[in-house]
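Trainee: Kindly generate the corresponding structure for this input.
(2 chains)
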Amino acid sequence: MKMKRLLILAFVSFLIPSLLIAAGTKESAADGVIELSVYHYLDQTDKTTAPNFQHLVDVFEAANPDIKLSFEYGYGESFHDKLQTMAMSGQLPDIVLLYPGERTSQVTSAGLVKDLRPYLSGHEDEFADMAMQAQGENGEIWELPEDISITSIMYTNNRLLAELGLEYPKSYEELLTQGPVIRKAGLIPISIANKDAWPMQSCVAGMLVERACGMEWWDKALSGEASYDDPEFVYAMEIIKELNDKQMFSPGTNQLAYGQGLDDFVNERAVYLLDGGWTVNSMVGELTDEQKTYMSLESFPDIPNQKGQSLSVSATAGQGFGMNAKLNEKEAEAAWKWIWFYSGPEGSAIRQQYGRLPAYNLDEPEDADPMIKKLIAFAGKVPMGYVMDSVIAAEPIGTFNINLQNMMFDTMSPMEVAQDLERMVSSVGR
Amino acid sequence: MTYAQQKHMSYWILVLPGILVFASIIIFPVLFSFSLSFTTWNGYGMPTFAGLENYRTIISDPVFLHSLRNNLLIVVISVFGQIPLGFLLAYLLHRSMVRHGNFFQTMIFLPITISPVVVALLWNQIFSSSGMVVALVRSFTDNPQYVIRIFEDQQLAIVPILFVLLWMHTGTYMIIYYANLQKMTPSVLEAAQIDGASENQMLMRIILPSMIGTIATTAIFAISGSLKAFDLIYAMTGGGPAHFTEVIAIYMYVNTFKYYKYGFGSAASIIIVLLAVGLIMLLQYFSRRLERRFE
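Mentor: Below you'll find the model as predicted:
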């Protein structure tokens, strides 16, 4: 009798944890509705992007009542931490937001997501060329890019320029001569907030590297035929140093949290803002109708001895959704419906209205916000180079970002920054 | 099965779930982290044995050495700042040397009840380049380029964080000391007073000696807490700019979760543990000597 009790006790001891674990597993609903888990990068407190995204979800779910999406969100570094944990523990969600470059390569290169080419077949021409570039070693497309991200736009306040008796500079030297005039008026020449260290790399360095070195050099550097401590690359670093030393950037730029740069520009405390195209999304709501008439999107002026393309910008195909490699055929079809909706014609049209620059080719909308129209027009006319963090691995680029700050504090020279990047890239692998 | 055997077995069955939970969430991660520290592993596939390479790389890394220096400064401000100040405040309140003691007690303890992230945002709002102080100085001096340069100084950037840590944690020690002071028998102090002991004599001969054990315990808290300091600093500066305010826990976090170097990060965490154990053993050695002296 006692033995029986003990056995029951032992059974219950193991049953409770087992039930708790089983409660967390996903099962498709019996009524034919397919449930899919989605992990997305979103700041749920953002008053612009969060409701915009929810609108897309609502439109999709209304059109697809047989698919139920359960969202989980991450933002900033915590998004990537959680993604890594989910991937390592074999609990990758059914649909997950991925990046085309190195940022989520730990997931894509481990074979955890499906190649989307079979699903995409026949639609390739409907996207911008940049978005259809191979993401895997064998040409795989792991995620369907939602946007083209131009990361180095010189947003310009033409009203302030006119008040100061200035015009948009035709050359780098002219830009430098504007600095004292702008500062004398109590304004910031170029607003940029670099506390997080990535903006100087993403919004400035990549663009200047293309200008100083050219695309041919860039491709050689990526394949190992050219070195990051070549004089051209060092020259690009020297330009950043000079801009900093001549107080062209926001005062205390390395103490300013990202967002402050936009804030200074929108409140007309800065003449220029160096930021990405995604900022237009916020500008649509932040700028008044009157402000939108005199704000323009420009390219950083050409630099002396430029080897790269005139007025080029750094750009990359943006992130997009991919799907778990473990999905069965039915689940994969449902997952593709969402992915295609989001990055295809329907979702892209909605996102374009919100100020994004979709990777899917769309006609310019007549009723769009003026800033969106300006972004579309700008994207259509500028040559594009690489964004550094989309082509260089996480650790070298993370160190490079910090080294740019060091260079601005005079604790490293431009040459040392370049040499350190070459050393890191060589040790980690190109 | 005999009754004794059944009883023995029942103990095991009742204890086993607890042991399994303890082993899986405490013992296994520690051992796993220790063994991982001798490997290179990015989270996928099999770890590759690397011997002491991770430890060698860490010890020769200037970023780690600067982080270690920052951690040691936090230990110093905790042990020689928060603890004496906490004791002094508790003593002043206990001996009723200030009026409105309850008000001050609440005010001093208040910072510890606020989330470190909120504290970080609050101080950033005040002192950052877009903060209140900078805005005021800019308007008074008519210098729109003004920024507080201490945040951009490699050696001094940690100082404002030390100040915030002092402000934030002193209240905890004050409460601990205050509670222990209240446990002292009032008649001992009264007898000393009748015998003509001065305030200073009572403090040095009666109160402090009886508090040695408590002081040693709080110092252990301070050291272990200082070496794993993360949340407030990460929220305030993220270790930046340019690693100037980085501490070992942030160094470990960045390498582990941003660069996916799990072996390297494990080695850094083992170094934190070794440092904490070493410093605590040193502290216990000195506290035992002090106790013997007062005995």
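Trainee: in the stretch 1-150 of chain B, which spans are strands?
Mentor: B:39-40, B:48-49 (DSSP state E, counting those that start in this stretch).
Trainee: winner for burial among those?
Mentor: Of the strands of the stretch 1-150 of chain B, the one with the most neighbours on average (mean count of other Cβ atoms under 10 Å in any protein chain shown) is strand B:39-40, at a mean of 17. For the C-beta atoms, the positions are set from N, CA and C on the backbone; glycine is no exception.
Trainee: just so I know, which of the strands of the stretch 1-150 of chain B lies nearest chain A?
Mentor: Smallest distance to chain A across the strands of the stretch 1-150 of chain B (Cβ to the nearest Cβ): 11.7 Å, for strand B:39-40.
Trainee: From the chain's centroid, how far away is the closest one?
Mentor: Centre-to-centre, strand B:39-40 and its host chain are 29 Å apart (Cα atoms, centre = their mean, to the nearest Å).
Trainee: swap in stretch A:304-322?
Mentor: Counting by Cα atoms, centre = their mean, stretch A:304-322 comes out at 13 Å from the chain centroid.
Trainee: mind listing what's buried in that stretch?
Mentor: Neighbour counts using 16 or more other Cβ atoms under 10 Å in any protein chain shown place A:306, A:308-309, A:311-322 of stretch A:304-322 among the buried residues.
Trainee: Quick one: which of those has the lowest pLDDT value?
Mentor: Least confident of those in the model: residue A:318, at 83.
Trainee: wouldn't it be in contact with residue A:151 here?
Mentor: No. The criterion here is Cβ atoms under 8 Å, and residue A:318 misses it with residue A:151 at 10.0 Å.
Trainee: circling back to that earlier point, output the strands of the stretch 1-150 of chain B in TSV, with distance to chain A and mean pLDDT appended to each entry.
Mentor: Below are the strands of the stretch 1-150 of chain B laid out as TSV (distance: least, Cβ to the nearest Cβ, whole Å; pLDDT from 0 to 100):
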stretch	distance to chain A	mean pLDDT
strand B:39-40	12	95
strand B:48-49	15	94
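Trainee: okay, those in TSV with distance to residue B:193 next?
Mentor: Output for these, formatted as TSV (distance: least, Cβ to Cβ, whole Å):
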stretch	distance to residue B:193
strand B:39-40	64
strand B:48-49	68
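Trainee: on that earlier part again, just checking: which of the buried residues of stretch A:304-322 also lie near chain B?
Mentor: Counting by Cβ under 8 Å from any Cβ of the partner chain, nothing from the buried residues of stretch A:304-322 sits close to chain B.
Trainee: nearest to residue B:151, of those?
Mentor: Nearest to residue B:151, judged by Cβ to Cβ, of those is residue A:314 at 28.6 Å.
Trainee: Sheet partners, orientation included, of the helix or strand encompassing that closest one?
Mentor: According to DSSP states H and E, residue A:314 maps onto strand A:313-317. Looking at strand A:313-317 with DSSP bridges, its partner strands are strand A:148-150 (antiparallel), strand A:384-385 (parallel).
Trainee: Minimum distance to residue A:326: which of these has it?
Mentor: Judging those by Cβ to Cβ, what sits closest to residue A:326 is strand A:148-150, at 29.5 Å.
Trainee: so after that closest one, what's the next helix or strand?
Mentor: Counting by DSSP H and E, the next helix or strand C-terminal to strand A:148-150 is strand A:153-157.
Trainee: And stretch B:162-181, what's buried?
Mentor: B:162, B:164-166, B:168-178, B:180-181.
Trainee: How far does that stretch sit from its chain's centre?
Mentor: 12 Å.
Trainee: try stretch A:181-200
Mentor: Relative to the centre of its chain, stretch A:181-200 is centred 21 Å away, using Cα atoms, centre = their mean.
Trainee: now stretch B:1-17
Mentor: 42 Å.
Trainee: mind listing what the nearest residue to residue B:68 once chain neighbours are set aside touches?
Mentor: Closest residue to residue B:68 apart from its sequence neighbours, by Cβ to Cβ, 6 or more residues apart in numbering or on different chains: residue B:248 at 6.1 Å. Residue B:248 is in contact with B:64, B:67-68, B:71, B:227, B:268, B:271-272, B:275, counting by Cβ atoms under 8 Å, 6 or more residues apart in numbering or on different chains.
Trainee: Helices - which of those residues land there?
Mentor: B:64, B:67-68, B:71, B:227, B:268, B:271-272, B:275 (DSSP state H).
Trainee: so residue A:395 sits right up against residue A:424, yeah?
Mentor: Yes. Look at residue A:395 against residue A:424 with Cβ under 8 Å: they come within range, at 6.5 Å.
Trainee: Lovely, talk soon.
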